[in-house]
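Peer 1: coords below, sequence missing:
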């Protein structure tokens, strides 16, 4: 993983930020190839524009996004997508590349060419013609094409010493700026995708770059491509922190919030800075919606998948892009989630079991933040065996795989592995993507609590921040502060996920932006790990859920004690539901009946964080006992706790996913795969009988479901199984 600096919030909502730390996630791996614009030819000379002042006058800020249009039905090709990167050097290369991908069971090509680079209008138009030619050939082969186009970054090859977008075009005027006014521009070797000597310039989404970019989106939409893949619309924090304080950003901030000025510095004790943190989420949401609308204005059937690198951990706070804000947006706009792995040239091969539950948490978050839309996600690997296990978790979580070998994005980890895994997805696509979750347990991911509860150093992507012996370029850079085990909010959330995974309890993540009653209606119990920062509207939804008969389990030292901008509330927002007031001593445990439902409060040590750190059984039981009481499990698994169980339903069939990560332990070790024996049990509904049980797996040569033996004793079905890496069990009950 490429090392770069990251903003590091303070240890509590007060005081200045400490020095930046290293090891933040990589983003937007681009091809290193500089494809020619025609027949492999060289890029044309870029134009020179007249110089402009460093801070041009701002344009009026765009109005806040209005109500999202009702989303059209997503096309099957997007819902069942099997994705891989494709490109070309010249026209003669196109057909061979398309045929190669089709033979690997790819159904959607992410076309990544030279659009990362500084291009003149003439160069862009010439390249668009080549994109049209490629797309026509792909369509003739039965494949779809989605065009990759960085949304806020322009790379100028050779721009450190030569001409560049920042120095010789509008980059100086449109660039993002830090709170102290520095331009967000840097030169190669800072990140893996910017070559030495190249310039990377990050633009303000509120500057005239917006119109410049949207014009080109409309041009791409006219080439016949099926979708647009805007890369990471973020306030990039690799070189500078807390952008965008440009004149464009300042004007938009004032218009959106009514506050007279930007914060003077990054300080979570400052209410203006806390508003700035949240405003950046909404600003980038508006930009994403504008991108999708621009494409649809030319082609109403065009879909947009925004590459989103920020997952459930704290990176969304520092770069502004919160994927959950897009969940309720219509207009066929969703995400490609860049779910990162532990090491650039090792993948997940030296993960701990807890690291593996972090990966599960990220994929579960991706599926939840996507709402009812398709959720495409990166499936990174280093070798065939670790790559197939990562993809197994991705598929089990309900995401569509974009298979790629780390650390770049232009080649497969292993062609035979991709072909085999994608054949499995193709053969089982309805069972994988049409089935609805059978989970009765929800885990609440609070964006506001992530932003404002105990901000500190690091991002918390995984648990083990120390690189194993012999492994280079480790995600955490050997900085203990990077680990989620050091973070009270994220650690409590991740530990709750780990406890449910280890207990084989099917669950779904619930994201907070735009929370509505229907988001909670299907759950019997919702866990609220260290929930502190909530809006009044959010609290009303949670209150209504409990009053209507639901159960919540709330942990943390100040339950609902902050508002949505991190300000201290005079009283807990859910004091009536908790049966506690801020002035009361916090009990070790409290069960409070409220309306037709129940609220459990677990005080003292954070049980999820304790379970994350040490797999403490007592802490896990504190969390799980209220869950079992409210939602007696329909599923059981006799076997190693490191088998991840997911459950969905499709018509008369209950679909159970089992992923074997039993070879991961408490310390990093060499990767291996050992089949795991287990027995799946299922409570057969009263008055129903089991007609058939099947198992499908990508681990062999035949991906089709095959009948397997089972027994029914009383009302309990038992199925003995051996799981190599991944098995999908179908239980048909009539």
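Peer 2: Everything's here; your move. Every value quoted in this text rests on a predicted model; they were computed, and no experiment measured them.

Peer 1: confidence score at residue 282?
Peer 2: Looking at residue 282, its pLDDT stands at 98.

Peer 1: helices or strands next to the helix or strand where it lies in the packing?
Peer 2: Taking DSSP states H and E as the definition, residue 282 sits inside helix 271-298. Using 3 or more CB pairs under 8 Å, 6 or more residues apart in numbering; DSSP states H and E, the elements in contact with helix 271-298 are helix 209-221, strand 227-231, helix 247-257, strand 303-308, strand 333-337, helix 447-452. C-beta here means a position set from N, CA and C on the backbone, and glycine is covered the same way.

Peer 1: What residues sit buried inside it?
Peer 2: The neighbour-count check on helix 271-298 (16 or more other CB atoms under 10 Å) flags 272-296 as buried.

Peer 1: and if you look at stretch 594-606?
Peer 2: Going by neighbour count (16+ other CB under 10 Å), the buried part of stretch 594-606 is 594-595, 597-603, 606.

Peer 1: Let's have those residues in JSON lines, adding pLDDT.
Peer 2: As requested, the buried residues of stretch 594-606 are arranged in JSON lines below (pLDDT from 0 to 100):
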{"residue": "594", "pLDDT": "98"}
{"residue": "595", "pLDDT": "98"}
{"residue": "597", "pLDDT": "98"}
{"residue": "598", "pLDDT": "98"}
{"residue": "599", "pLDDT": "98"}
{"residue": "600", "pLDDT": "98"}
{"residue": "601", "pLDDT": "98"}
{"residue": "602", "pLDDT": "98"}
{"residue": "603", "pLDDT": "97"}
{"residue": "606", "pLDDT": "98"}
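
Peer 1: can the residues you listed go into JSON lines with extra columns for distance to residue 328 and secondary structure?
Peer 2: Compiled in JSON lines, the buried residues of stretch 594-606 are given as follows (distance: CB to CB, whole Å; DSSP: H, G, I helix; E, B strand; the rest coil):
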{"residue": "594", "distance to residue 328": "27", "secondary structure": "strand"}
{"residue": "595", "distance to residue 328": "26", "secondary structure": "coil"}
{"residue": "597", "distance to residue 328": "25", "secondary structure": "strand"}
{"residue": "598", "distance to residue 328": "28", "secondary structure": "strand"}
{"residue": "599", "distance to residue 328": "26", "secondary structure": "strand"}
{"residue": "600", "distance to residue 328": "29", "secondary structure": "strand"}
{"residue": "601", "distance to residue 328": "30", "secondary structure": "strand"}
{"residue": "602", "distance to residue 328": "31", "secondary structure": "strand"}
{"residue": "603", "distance to residue 328": "34", "secondary structure": "coil"}
{"residue": "606", "distance to residue 328": "30", "secondary structure": "coil"}
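
Peer 1: Tell me the one among those nearest to residue 173.
Peer 2: Nearest to residue 173, judged by CB to CB, of the buried residues of stretch 594-606 is residue 606 at 47.6 Å.

Peer 1: which strands and helices sit next to the strand or helix carrying residue 95?
Peer 2: Counting by DSSP H and E, the secondary-structure element that holds residue 95 is helix 91-103. Applying 3+ CB pairs under 8 Å, 6+ apart, one finds that helix 91-103 contacts strand 83-86, helix 121-140.

Peer 1: ranking those by burial, who's on top?
Peer 2: When neighbours are counted by mean count of other CB atoms under 10 Å, the highest per-stretch mean among these falls to strand 83-86, a mean of 25.

Peer 1: Now do the helices in the stretch 51-200 of the chain.
Peer 2: 76-79, 91-103, 121-140, 165-168, 171-174 (DSSP state H, counting those that start in this stretch).

Peer 1: Am I right that residue 541 sits in a helix?
Peer 2: Yes: for residue 541, which was evaluated using DSSP: H, G, I helix; E, B strand; the rest coil, the result is membership in a helix.

Peer 1: How about residue 646: what's its closest non-neighbour residue?
Peer 2: For residue 646, the nearest residue in space outside its immediate sequence neighbours is residue 657; the separation is 4.0 Å by CB to CB, 6 or more residues apart in numbering.

Peer 1: pretty sure the one you found belongs to a helix, no?
Peer 2: No: secondary structure assignment places residue 657 outside any helix; it is strand (three-state DSSP).

Peer 1: count of neighbours near it?
Peer 2: Residue crowding around residue 657 was assessed by other CB atoms under 10 Å; the count is 23.

Peer 1: hey, what's it bridged with?
Peer 2: According to DSSP bridges, the residues that bridge with residue 657 are residue 646, residue 728.

Peer 1: hmm, back to that, how far off centre is the helix holding residue 282?
Peer 2: The gap between where helix 271-298 is centred and where its chain is centred comes out at 17 Å by CA atoms, centre = their mean, to the nearest Å.

Peer 1: So what angle separates the directions of it and strand 227-231?
Peer 2: 150 degrees (axes from the mean of the first three to the mean of the last three CA atoms, to 10 degrees).

Peer 1: Which strands border the helix or strand harbouring residue 553, and is each parallel or antiparallel?
Peer 2: Taking DSSP H and E as the criterion, residue 553 maps to strand 551-555. Listed by DSSP bridges, the sheet partners of strand 551-555 and their directions read strand 525-528 (parallel), strand 597-602 (parallel).

Peer 1: pLDDT of the first one, averaged?
Peer 2: In this model, strand 525-528 carries a mean pLDDT of 98.

Peer 1: For that strand, give me every contacting residue.
Peer 2: Applying CB atoms under 8 Å, 6 or more residues apart in numbering, the set of residues contacting strand 525-528 from outside is 440-444, 446, 496, 510, 520, 542, 545, 550-555, 559, 623, 626-627, 630-631.

Peer 1: now with 7 Å?
Peer 2: Residues outside strand 525-528 that contact it (CB atoms under 7 Å, 6 or more residues apart in numbering): 441-444, 496, 510, 520, 545, 550-554, 623, 626-627, 630-631.

Peer 1: Counting only strands, which of the residues you listed make the cut?
Peer 2: Residues of the contacts of strand 525-528 located in strands (DSSP state E): 441-444, 510, 551-554.

Peer 1: Give me the nearest residue to the residue nearest the centre of the chain, chain neighbours excluded.
Peer 2: For the chain, the residue nearest the mean C-alpha position is residue 311 (3.7 Å; CA atoms, centre = their mean). Of all residues beyond its chain neighbours, the one nearest residue 311 is residue 362 (4.3 Å), with distances taken as CB to CB, 6+ apart.

Peer 1: Repeat that for residue 133.
Peer 2: Of all residues apart from its sequence neighbours, residue 91 sits closest to residue 133 (CB to CB, 6+ apart), at 6.3 Å.

Peer 1: Repeat that for residue 399.
Peer 2: Excluding its sequence neighbours, the residue lying closest to residue 399 (CB to CB, 6+ apart) is residue 377, at 4.0 Å.
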